[in-house]
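>>> pasting the sequence and the predicted model now:
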Amino acid sequence: KKARAAAAAAASAAASAAAPAVRSWYSVTPDGTSLVLRVIAKPGAKTSQIMGPLACAQLILGFDEEGVHIQIAAPAKDGQANEELVDFLATVLRARKSDVSIDKGNTSRVKKVTCASSGRKSEELVSLLQQSAKD
């Protein structure tokens with residue numbers, strides 16, 4: 001039994017090493033009408049930073065397999081940071097605030113945020129986010 005368990009564990013480890021789980025920071029809904037972002041919010045920043053042409057107190061810090069890292073100057077209190085996050089993403093994505101919603105993670109730093117594409121391609125929305133990180 002121990003030999004079988006060891007062989008199964010070795011096979012499982014080899015399979016996971018051969019195909020590592022890579023999480024993307026965004027996806028597109030099956031119907032293609034919305035962009036879904038995995039956001040790691042960093043509320044209560046000590047200093048507000050202005051980003052390129054957007055005079056705002058938020059900053060996209062970067063992208064990785066965990067998600068989009070966004071620094072928010074508003075405190076994580078009474079939904080203030082969530083409201084600022086939605087406002088910021090609507091500005092960056094050139095969308096209405098009503099097109100951006102936090103679907104999961106209202107009380108967590110890790111959030112699932114959906115932005116309706118409003119007839120635009122998801123690639124355009126992703127490009128706007130990436131440009132904002134570079135400014």
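Nice, thanks for sending it over.
>>> so what strands line up beside the longest strand seen in the chain?
Secondary structure of the chain per DSSP state E: the longest strand is strand 34-42. In the sheet, strand 34-42 lines up against strand 26-28 (antiparallel), strand 68-72 (parallel), strand 110-116 (antiparallel) (DSSP bridges).
>>> and the contacts of the first one?
Looking back up the chat, that one is strand 26-28. Ser34, Leu35, Val36, Leu37, Arg38, Val68, Ser122, Val126 (C-beta atoms under 8 Å, 6 or more residues apart in numbering). Heads up, the C-betas are built off the backbone N, CA and C, glycines and all.
>>> hey, what's the first one bridged with?
Translated: Ser34. Ala116.
>>> please enumerate the helices of the chain.
2-18, 80-92, 122-134 (DSSP state H).
>>> ok, the nearest residue to Arg109 once chain neighbours are set aside - contacts?
In space, and not counting its chain neighbours, Arg109 is closest to Ala41: 5.2 Å by C-beta to C-beta, 6 or more residues apart in numbering. Ala41 sits next to Ile70, Ile72, Ala76, Ala81, Asn82, Leu85, Arg109, Val110, Lys111 when contact means C-beta under 8 Å, 6+ apart.
>>> least confident of the helices of the chain, on average?
Comparing the helices of the chain by mean pLDDT, the weakest confidence falls on helix 2-18, with a mean of 50.
>>> and stretch 110-127, which residues are buried?
Using 16 or more other C-beta atoms under 10 Å as the burial criterion, the residues of stretch 110-127 that qualify are Lys111, Lys112, Val113, Thr114, Cys115, Ala116, Ser117, Ser122, Leu125, Val126.
>>> turn the residues you listed into CSV, columns for distance to Val28.
Below are these laid out as CSV (distance: C-beta to C-beta, whole Å):
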residue, distance to Val28
Lys111, 18
Lys112, 14
Val113, 13
Thr114, 10
Cys115, 11
Ala116, 12
Ser117, 8
Ser122, 5
Leu125, 9
Val126, 9
